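Enquirer: Mind folding the following:
(one chain, ligands or ions: 1)
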Amino acid sequence: MIVLLSGGTGTPKLIQGLRKVLPDSEITVVVNTAEDLWVSGGFLSPDIDTLIYLFSGVLDLERWWGIAGDTFVTHDELLRLGSDEYIAIGDRDRALQIRRGEMLRQGLTLTDATGALCSKLGVSACILPMTDSPVATLVRTGGRTIHFQEYWVRHRGNLSVDEVFRHWDGPDEATPRVLSSILSCEGVVIGPSNPVTSILPILECRGVREALREVPVVAVSPFIGDAPVSGPAAALMEARGFSPDSAGTSALYGDIVDAFVQDIRDPVPVPGAVRADTLMKTPEIAKDLSLLVLSLIREARARPRSTTPADR
Ligand code: GDP
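Expert: Model (predicted):
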């Protein structure tokens with residue numbers, strides 16, 4: 001079994017390729033939940049939703065969120081009625097969020113609610129929220145603090161970022177299933193997701209970094225040069241004190257990574273990194289990258305493991 005740490009765009013693209021070489025039942029995805037939000041009575045978990053839709057074959061592959069061909073009748077009507085719903089939620093997408101909200105209000109954990117939705121939709125991969133505690137990535141900008149969704153969706157990232165941090169409403173810990181999946185897998189892939197808003201929230205969950213030291217870990221950079229392939233990663237990396245490039249990503253992940261993959265075009269060298277085409281314009285490129293990542297996991301498994309993390 002392979003475990004991936006994922007946000008909602010870059011790593012799902014890699015998983016699209018991985019599915020061509022591994023059965024879904026061999027894939028576990030530990031997913032960022034720090035962008036989750038109650039919206040108009042439903043519970044939006046954007047990164048989990050992208051993965052559920054990817055594995056159930058309905059994802060909108062142009063946008064990498066929502067359901068292909070979805071309609072927005074309810075969203076438009078809500079705006080007409082004076083709602084401040086700044087995230088456009090499709091009608092079928094909303095149904096899943098309403099159902100998830102119902103289950104959470106009945107007292108189910110996010111892990112159990114996700115499992116129930118996956119089984120209804122025929123998903124045989126294992127999709128695990130990183131934590132069952134409510135948590136949010138917040139952005140401090142010009143003296144006020146807003147939710148990451150408000151920064152990125154309402155303001156389209158056009159605000160200065162003074163600080164980006166997590167706010168927890170419960171224990172800041174990974175679920176037992178996340179930790180046991182990591183400890184029992186063949187290897188972990190940190191996919192090319194936004195380091196600060198998608199991967200760091202997972203690494204910050206208590207127990208995750210320690211568990212990752214026990215298994216081979218391969219990371220793929222989301223940067224080519226000083227720009228991410230898409231999205232707001234650069235400003236957020238700088239706000240966290242890291243250079244917005246592959247070197248900063250490698251420094252941020254630190255000693256848990258056994259092999260770091262960066263793009264063949266990337267002008268910012270990371271010592272010891274493996275070079276590959278990481279720009280997944282087609283599922284075939286994602287498949288080739290997946291094969292490389294799997295071979296790096298096999299190589300890391302074949303090497304004797306060091307006794308102290310500092311040796312790695
Ligand atoms: P989010 O939850 O929608 O922000 O999605 P992720 O965090 O999973 O992914 C966003 C990151 O994916 C961005 O930093 C992009 O640079 C990266 N990304 C998107 N497509 C690609 C790709 O084809 N190759 C690589 N290397 N990175 C990509």
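Enquirer: So for stretch 149-163, mean pLDDT?
Expert: Taken as a whole, stretch 149-163 has an average pLDDT of 94.
Enquirer: Could you give the separation of it from the chain centroid?
Expert: From the chain centre to the centre of stretch 149-163 is a distance of 19 Å (C-alpha atoms, centre = their mean, to the nearest Å).
Enquirer: Using CSV, list the CA coordinates for it.
Expert: The C-alpha atoms that make up stretch 149-163 are tabulated as CSV, following Å, rounded to 0.1, in the frame of the first residue of the first chain:
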residue,chain,number,x,y,z
GLN,A,149,-10.7,30.4,1.5
GLU,A,150,-11.6,34.1,1.9
TYR,A,151,-8.1,35.1,1.0
TRP,A,152,-7.9,32.8,-2.1
VAL,A,153,-11.5,32.6,-3.4
ARG,A,154,-13.1,35.9,-2.4
HIS,A,155,-10.0,38.1,-2.8
ARG,A,156,-8.3,35.8,-5.4
GLY,A,157,-5.0,36.1,-3.5
ASN,A,158,-4.8,39.8,-4.1
LEU,A,159,-3.9,40.8,-0.6
SER,A,160,-0.6,41.1,1.2
VAL,A,161,0.1,38.1,3.5
ASP,A,162,1.7,39.1,6.8
GLU,A,163,1.3,35.7,8.4
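Enquirer: And the ligand, is it touching that?
Expert: No: contact of stretch 149-163 with the ligand is not found when judged by C-beta under 6 Å from any ligand atom; the minimum separation is 7.9 Å. From N, CA and C alone the C-beta is placed, and that goes for glycine too.
Enquirer: And the contacts of that stretch?
Expert: Contacts to stretch 149-163, defined as C-beta atoms under 8 Å, 6 or more residues apart in numbering, come from residues 35, 37, 46, 86-87, 139-142, 231-232, 235-236, 238-239.
Enquirer: one more time with 7 Å, if that's ok
Expert: Surrounding stretch 149-163, the residues in contact under the criterion C-beta atoms under 7 Å, 6 or more residues apart in numbering are Glu35, Leu37, Tyr86, Ile87, Val139, Arg140, Thr141, Gly142, Pro232, Ala235, Leu236, Ala239.
Enquirer: Most neighbours of all these, which one?
Expert: Highest neighbour count within those: Val139, with 27 neighbours (other C-beta atoms under 10 Å).
Enquirer: count of residues packed around the closest residue to that residue other than its chain neighbours?
Expert: Counting by C-beta to C-beta, 6 or more residues apart in numbering, Tyr151 is the residue found nearest to Val139 once chain neighbours are left out, at 4.3 Å. Using other C-beta under 10 Å as the criterion, Tyr151 is surrounded by 25 other residues.
Enquirer: again with Ala251
Expert: For Ala251, the number of neighbouring residues by other C-beta under 10 Å comes to 14.
Enquirer: That one should be in a helix, yeah?
Expert: Yes: under DSSP: H, G, I helix; E, B strand; the rest coil, Ala251 sits within a helix.
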